[in-house]
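In: got a predicted structure plus its sequence, pasted below:
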Amino acid sequence: MKKTISYLHAKKHNRQKISVLTSYDYPTTKILEEVGVDMIILGDSVGTNMLGYQDETEVTLEDMIHHTKAVCRAIENIFLVTDLPYNTYQTPGMAVENARKITAAGADAVKFEGGRIDILQALKSEGILVMCHLGLNPQHDQDRMRSGKISKGKQFSEAIELIQAAKNLESAGADLLILEKIPGKLAKIITGNVNIPTIGIGAGKDCDGQVLIIHDLLGLNDKKYKHAPRYFDMKSMVKDVIGRYQDEVAEGIFPALEHTNIIKESELSLVQAWCMEHEMDI
Ligand SMILES: Nc1nc(=O)c2c([nH]1)NC[C@@H]1CN(c3ccc(C(=O)N[C@@H](CCC(=O)O)C(=O)O)cc3)CN21
Ligand SMILES: CC(C)C(=O)C(=O)O
Ligand SMILES: [Mg+2]
């Protein structure tokens, strides 16, 4: 059954955890469907993790639409949230126009960074489902990320700002909230004081759900983050397999007869005779 926003809200109220991963492509989404995760966030992290960009500010609306369409070809039941990328929601009008393109490509909801109530209200007045994103906001915190000051809300004033932003976004109609790189105890307070599901990344165990970048989970990245355990070492396994393939090609072991089509002897003789008539090697 297709997972809806009410299904996700019911999970919060029944204290059942919501499992979320990023996905950016068709085959990965197929796997997530077969396992039955609740939600996919097609993040603008597609830029650094899939497209080789330097940072989030390079990601375009066209990138997000292209990947949303690919993911949607595999979606059956999972709830899909796509990021509005950098510089696509400076005004409420722009946010609506661009969010419409993302939902037209198949996303169930859009996500944007920060606490802009005017943006949220404009999206809600168009009937668009919205996930808000508080804490570390990679699109807008590039300097902070370069300086290594990654987490948000460690001091009183910043913590209160985050609590108030969460309450204000909830009041203005946010459907979902993502909390990125904030102290676990602060995420617990926010989660306990809003009626919308909170999904945490580097925000401790008390959020209503958890999200990880799938590359971190599978071990496709060289970089190892504190918040993201490597459940699997996919990169080294893939390297082993590719090395074996390369050796088998070099040694003439691959392809074997079983991988190869056969021509009937009678047809082959005709081909060989024709080649000889045309003075070709056989
Ligand atoms: N592959 C990947 N994984 C992520 O978790 C992730 C992305 N990409 N791209 C978008 C944002 C950016 N995020 C980030 C980026 C940097 C750190 C980082 O540098 N963490 C350090 C310091 C931790 C700390 O101060 O608490 C670390 O050692 O993990 C963490 C999350 C989370 N998101
Ligand atoms: C934190 C998340 C899920 C995100 O915004 C991204 O992957 O871009
Ligand atoms: Mg993002």
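Out: Looks like it came in fine. Numbers count the residues shown, from 1 in each chain. Ligands and ions are numbered 1, 2, ... in the order given.
In: between the two ends of stretch 39-53, how far is it?
Out: Using C-alpha to C-alpha, to the nearest Å, one end of stretch 39-53 lies 25 Å from the other.
In: and for stretch 191-205?
Out: With C-alpha to C-alpha, one end of stretch 191-205 sits 11 Å from the other.
In: buried ones in that stretch?
Out: Buried residues in stretch 191-205, defined by neighbour count with 16 or more other C-beta atoms under 10 Å: 191, 194, 196, 197, 198, 199, 200, 201, 202, 203, 204. Every residue, glycine included, has its C-beta placed from N, CA and C.
In: chain neighbours aside, what residue packs nearest to the second one?
Out: I take that to be residue 194. Excluding the flanking residues, the one nearest residue 194 by C-beta to C-beta, 6 or more residues apart in numbering is residue 170, at 4.6 Å.
In: let me see the contact set for that neighbour.
Out: Taking C-beta atoms under 8 Å, 6 or more residues apart in numbering, we find residue 170 in contact with 177, 194, 195, 196.
In: just checking, which of those residues belong to strands?
Out: Among those, the members found in strands (DSSP state E) are residue 177.
In: redo the contacts of residue 170 as TSV? Include pLDDT and distance to ligand 1.
Out: Output for these, formatted as TSV (pLDDT from 0 to 100; distance: C-beta to the nearest ligand atom, whole Å):
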residue	pLDDT	distance to ligand 1
177	99	16
194	98	22
195	98	26
196	98	21
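In: spell out which two among the contacts of residue 170 are the most distant pair, please.
Out: Within those, 177 and 195 form the most distant pair, 10.5 Å apart (C-beta to C-beta).
In: strands along this protein, start to end?
Out: Under DSSP E, the chain gives strands at 18-22, 39-42, 79-83, 109-113, 129-135, 176-180, 198-201, 209-212.
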